[in-house]
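Q: would you be able to build a 3D model of this:
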Amino acid sequence: MKRTLETIEYKENTEALAKFAKALAHPTRIAILKHLESQSCCFTGDLVDVFPLAQSTVSQHLKELKNAGLIQGELKSPKIKYCINQENWNIAKSLFQNFFD
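A: Numbers count the residues shown, from 1 in each chain. Model (predicted):
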């Protein structure tokens, strides 16, 4: 198959969509994103207070969301402040919109 700009873009977009979909495939991660969107930013401990989960479980979900690029963390020693990565969040919304259209 000839690699054109169109096929490269298609591959990159489908891979990005799959990465975002995988990160969103757990109800707790969706809830975390909704919470972060309404709060703009918060610390891991704040999320532990909101969700009936162990701190290690919340941290694992945050790690998955961060690895997918949907959130970003900023070290505020000894805590990490998390917020939505707006650039990637907008890309994800656009990719999902195109997928469902």
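
Q: and the helices in this protein?
A: Using DSSP state H, the helices assigned to the chain run over residues 5-23, 27-39, 44-50, 55-67, 86-100.

Q: residue 75: which of the ones you listed is closest?
A: Nearest of the helices of the chain to residue 75, taken as CB to CB: helix 44-50 at 11.5 Å. For glycine as for every other residue, the C-beta is placed from the backbone atoms N, C-alpha and C.

Q: buried stuff in that closest one?
A: Of the residues in helix 44-50, 44, 46, 47, 48 count as buried by neighbour count, 16 or more other CB atoms under 10 Å.

Q: repeat for stretch 8-24
A: 16, 17, 19, 20, 23, 24.

Q: could you dump those residues into CSV with pLDDT and distance to residue 98 added?
A: What follows is the buried residues of stretch 8-24, written out as CSV (pLDDT from 0 to 100; distance: CB to CB, whole Å):
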residue, pLDDT, distance to residue 98
16, 95, 11
17, 95, 8
19, 96, 15
20, 96, 12
23, 96, 18
24, 96, 16
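
Q: among the residues you listed, which one sits closest to residue 70?
A: After measuring the buried residues of stretch 8-24 against residue 70 - CB to CB - the closest member comes out as residue 23, at 5.7 Å.

Q: which residues does the closest one contact?
A: Residue 23 makes contact with 29, 64, 65, 67, 68, 70 under the criterion CB atoms under 8 Å, 6 or more residues apart in numbering.

Q: for residue 99, give me its contacts.
A: Residue 99 makes contact with residue 17 under the criterion CB under 8 Å, 6+ apart.
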